[in-house]
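**Student:** from the sequence below, what's the structure:
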Amino acid sequence: MSTDTDFWNPAPPMAEGNAEALKLLTRSLRMEEGFALYFVLCNSGNLRREAIEQVREEMERLRPGYWIMELPLSTEVDHLHHSLLATVRPPLPNAFLVYGLENGIAQGKGRESFLLLNLNATRNSFIKDYPCAFVFWIPGYLYPEMLAAAPDFCSVNSGIYNLVEAEKPDQAVLEQITSGDYTGILGLSIKEREEHLQRLTRLLEEYHALPEKERDLLAEARILSQIGTIHRGEGDFVAAERCYKEMLEILKQSLPPMHPYTATALNNLASSHTDQGRYGEAELLHKEALEIRKHSLPEWHPDIAMSLDNLGQTYVTRGFYSKAESCHLEALEIRLQTLPKEHSDIANSLNNLACVYSDQYRFSKAIPLMIGALEIYKKALPIGHPYIAASLSNTATLYMKQGRYAEAEPLFIEAVQIAEKSLVPNHPDTQLYRRNLANLHQAMQLPKGNP
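**Tutor:** Here you go, the predicted structure:
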């Protein structure tokens, strides 16, 4: 069952190199008379706020009485010119600082944005009706989309300024050791996972030691996600649950409702409940995570497929096979549309769908899916990855149900061997594979023994 780990970057403070960009901007504003258009590319709300305050202070020094009006845009605004006509009366300010366009424009959907299309259509009206400066503060990814959707409007710009984010002293460390997902972490050796856990724990302690006003809660949540993922991979499901609960509490306090990061925390917590056999609790959390992701993400987003896959596995544990099949089929469709054909997530969907059919003894459907999943895992993952062991065990179980004991035995043996090398001693998965092999030997009426 998949766990999310790599999903956000804490916003770092102002970099020293931005001083020159802001200096050039304020010089231009000082000299402008009439309509002028500027773009400031900035990926952090905190950085934007700091920069705007610096612009205000510098313009007051350069031109006392210089009037700046801020225009934060909400998702409801789809026609900026009409909105200004309805809300702004003469005298006009010297400059409008416009920000928040990204609130109403999904990434990659700029060409479909009414706000941007209407900006393009009203370029000449802006020039005629508003003889003042407009400074658009937008994330870097949005500018190419604005160029595509509003080329005429953007063509009259007088300057583009890029604000660079500086790293906190430990930001590079944070980025390095919190990258990677559950599949990647499981691919580490036992020693590497232990070292990784120690580094994460030390980093979390450093964040906790900061003064309350300087603590970065989103960074702490990110670290907790990684720590929980390592505990889960080691089979310590209770410790994983503690981390995911703390992570969820932080995100609910720090983010607006229905935020996709909250869905990530819900997904992780639900997975830890499934690991402990608490399937009813897991189902409710997975449903909540899926609802948030469908509300906040594009229709074909891989995270939606992950939630569908995890919810489907929860249905299987409760015997709701029709619901499980529907979830896994929808997840598989999304992944086939959005991922390379030999991606391990596609193998996850094939494996999970095969397990649904195997549990119902629908072997003709299960076998090709299970074999296909195993082939992808072997191509996509490192030799000896725990997912390969799980796929071998699932395939062997399918053969065993059909009485194909000779084909099942080498797969069970290989699964045990991989698990013993890649997982901590007495990991629940290793114990499961050993039991499966023992049951097979009993069915074959062979003496029990270690492979």
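**Student:** going by C-alpha atoms from here, please, whenever you check contacts or count neighbours.
**Tutor:** OK.
**Student:** which SSE is immediately downstream of the helix or strand where N310 lies?
**Tutor:** N310 is located in helix 302-317, with elements delineated by DSSP states H and E. Downstream of helix 302-317, the first helix or strand assigned by DSSP H and E is helix 321-338.
**Student:** dihedrals phi and psi, L97?
**Tutor:** Dihedral pair for L97: phi -100, psi 110, per degrees, to the nearest 10.
**Student:** then H259?
**Tutor:** Torsion angles, degrees, to the nearest 10, at H259: phi -90, psi 140.
**Student:** one step back: average pLDDT for the helix holding N310?
**Tutor:** Summarised as a single mean, pLDDT over helix 302-317 is 94.
**Student:** and that helix, what other elements does it pack with?
**Tutor:** helix 260-275, helix 279-296, helix 321-338, helix 344-359 (3 or more Cα pairs under 8 Å, 6 or more residues apart in numbering; DSSP states H and E).
**Student:** gap between the last one and the chain center?
**Tutor:** Translated: helix 344-359. Centre-to-centre, helix 344-359 and its host chain are 23 Å apart (Cα atoms, centre = their mean, to the nearest Å).
**Student:** what mean pLDDT would you report for that helix?
**Tutor:** On average, helix 344-359 scores 96.
**Student:** beyond it, next helix or strand please.
**Tutor:** Following helix 344-359 toward the C-terminus (DSSP H and E): helix 363-380.
**Student:** any weak-confidence spans in the stretch 301-450 of the chain?
**Tutor:** 446-450 (pLDDT under 70).
**Student:** can we see that at 90?
**Tutor:** 301-302, 338-340, 424-426, 444-450 (pLDDT under 90).
**Student:** equivalent analysis for the stretch 1-150 of the chain, please.
**Tutor:** 1-20, 31-33, 42-50, 71-80, 82-90, 100-115, 139-143, 145.
**Student:** quick one, strands of it?
**Tutor:** Using DSSP state E, counting those that start in this stretch, the strands of the stretch 1-150 of the chain run over residues 36-41, 68-72, 95-99, 133-138.
**Student:** helices or strands up against the first one?
**Tutor:** Judged by 3+ Cα pairs under 8 Å, 6+ apart, strand 36-41 is in contact with strand 133-138, strand 157-162.
**Student:** want to throw these into JSON lines with mean neighbour count?
**Tutor:** Listed next are those as JSON lines, based on neighbours: other Cα atoms under 10 Å:
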{"stretch": "strand 133-138", "mean neighbour count": "23"}
{"stretch": "strand 157-162", "mean neighbour count": "16"}
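**Student:** for the ones you listed, which one sits closest to R123?
**Tutor:** Ranking these by their distance to R123 (criterion: Cα to Cα) puts strand 157-162 first, at 11.0 Å.
**Student:** remind me what the closest one packs against, helices and strands.
**Tutor:** Against strand 157-162 (3+ Cα pairs under 8 Å, 6+ apart) you get helix 18-31, strand 36-41.
**Student:** can I get these in a markdown table including mean neighbour count and distance to L142?
**Tutor:** As requested, those are exported to a markdown table (neighbours: other Cα atoms under 10 Å; distance: least, Cα to Cα, whole Å):
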| stretch | mean neighbour count | distance to L142 |
| --- | --- | --- |
| helix 18-31 | 16 | 19 |
| strand 36-41 | 21 | 9 |
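**Student:** between those, which one is nearest to L350?
**Tutor:** strand 36-41 (42.1 Å).
**Student:** so the closest one versus strand 157-162, what angle?
**Tutor:** 20 degrees (axes from the mean of the first three to the mean of the last three Cα atoms, to 10 degrees).
**Student:** got the contact list for strand 36-41?
**Tutor:** Defining contact as Cα atoms under 8 Å, 6 or more residues apart in numbering, one finds that strand 36-41 is touched by 131-140, 143, 156-163.
**Student:** go again using 10 Å as the cut-off
**Tutor:** For strand 36-41, contacts defined as Cα atoms under 10 Å, 6 or more residues apart in numbering pick out 21-22, 25, 28-29, 48, 51, 95-99, 126-127, 130-143, 153-164.
**Student:** before we move on, the earlier item: export the strands of the stretch 1-150 of the chain to TSV and append columns for distance to G312.
**Tutor:** Converted to TSV, the strands of the stretch 1-150 of the chain look like this (distance: least, Cα to Cα, whole Å):
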stretch	distance to G312
strand 36-41	41
strand 68-72	41
strand 95-99	41
strand 133-138	39
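**Student:** figure out which of those is closest to R199.
**Tutor:** Nearest of the strands of the stretch 1-150 of the chain (Cα to Cα): strand 36-41, 33.8 Å.
**Student:** partner strands of the closest one and their direction?
**Tutor:** Strands that pair with strand 36-41, judged by DSSP bridges, come out as strand 133-138 (parallel), strand 157-162 (parallel).
**Student:** of these, which is nearest L437?
**Tutor:** Nearest of the strands paired with strand 36-41 to L437, taken as Cα to Cα: strand 133-138 at 58.4 Å.
**Student:** the inter-axis angle of the closest one versus helix 18-31?
**Tutor:** Going by the same axes, to 10 degrees, strand 133-138 makes 150 degrees with helix 18-31.
**Student:** quick one, strand 133-138 and strand 95-99 angle?
**Tutor:** In terms of direction (the same axes, to 10 degrees), strand 133-138 departs from strand 95-99 by 10 degrees.
**Student:** any idea which helix or strand carries I230?
**Tutor:** helix 217-233.
**Student:** buried ones in the helix or strand that that helix is followed by?
**Tutor:** Sequence-wise, the next helix or strand downstream of helix 217-233 (DSSP H and E) is helix 237-254. By neighbour count on 16 or more other Cα atoms under 10 Å, the buried set for helix 237-254 is 237-241, 243-248, 250-251.
**Student:** list just the nearest of those to H441.
**Tutor:** Distances from H441 to the buried residues of helix 237-254, taken as Cα to Cα, are shortest for F237 (30.1 Å).
**Student:** for that closest one, give its distance to L224.
**Tutor:** 14 Å (Cα to Cα, to the nearest Å).
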